[in-house]
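# Here is a sequence together with a model predicted from it:
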Amino acid sequence: MSHESAELTGLLQRWSGGDSAAADRVMALVYDRIRQLAARRLRDGPGPALLQPTELANELVLNLLSADVAWQDRAHFFKTVAVAMRNILHDLGRRHGSMKRGGDQLRVTFGAAENVAADGGEEASALYEALTQLRESDPRKADVIELNYLVGLDLEEVAKVLDVSLATVNRDLRFARAWLKQRLEP
């Protein structure tokens, strides 16, 4: 375990124990990384960019700070970031979809909302549902997809976070891509 990983794991465990200074230190250490991951996810991900990277990063940080989680380690933290990012984008996509169907009493006030493509919410919803099904059948493969595509970790980082070999990550990624493609194609 690298010094950075060990430091982050120690801080996460102190945060779980109620140390608010440790929570602040964790956020100081990871905020830039979370913002980079948000930017990559919004740039490369399916569907429209419903928010700016800083807005997504801030929303994630607020969710993380308000969550009552017994942090285990760096891997647990970044898996949680991946799931939180996916859920925020899914909820926003659903909210946008309801607006398109006349439910405009729920207003999206984000700066990038005017750039929304016509079918982005439906695509995001289908992806969310497919990832949920994959997680039910094979949680590690869902973790590989989320950490690589949603969080933006490269394959070596995914292997470290999940504590598996690079070959296992490659195998899981090939399987998960094929599985998702089969579920998402009409």
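Done, it's in.

# Is V161 in contact with L153, as I believe?
Yes. Counting by C-beta atoms under 8 Å, V161 does reach L153; the two are 6.6 Å apart. The C-beta positions use only the backbone N, C-alpha and C, and glycine is treated the same way.

# Quickly list what's touching both of these two.
Taking C-beta atoms under 8 Å, 6 or more residues apart in numbering as the contact rule, V161 and L153 both touch F78, L147.

# For this structure, which segments are assigned as helices?
For the chain, the helices defined by DSSP state H occupy 3-16, 20-44, 53-66, 74-100, 120-137, 139-145, 155-162, 166-184.

# Return the most buried member of those.
helix 139-145 (a mean of 22; mean count of other C-beta atoms under 10 Å).

# Surely D143 and L162 touch.
Yes. Using C-beta under 8 Å, D143 is in contact with L162, at 6.0 Å.

# mean pLDDT lowest for which of the helices of the chain?
Sorting these by mean pLDDT places helix 74-100 lowest, at a mean of 73.

# tell me the angle of that helix relative to helix 20-44?
Orientation note: helix 74-100 sits at an angle of 50 degrees relative to helix 20-44 (axes from the mean of the first three to the mean of the last three C-alpha atoms, to 10 degrees).

# Work out the gap between helix 74-100 and the centre of the chain.
Mean C-alpha position of helix 74-100 versus that of the full chain (C-alpha atoms, centre = their mean, to the nearest Å) differs by 6 Å.

# Dead centre of this protein: give me the residue that sits there.
With distances taken as C-alpha atoms, centre = their mean, the residue of the chain nearest its centroid is A82 (2.4 Å).
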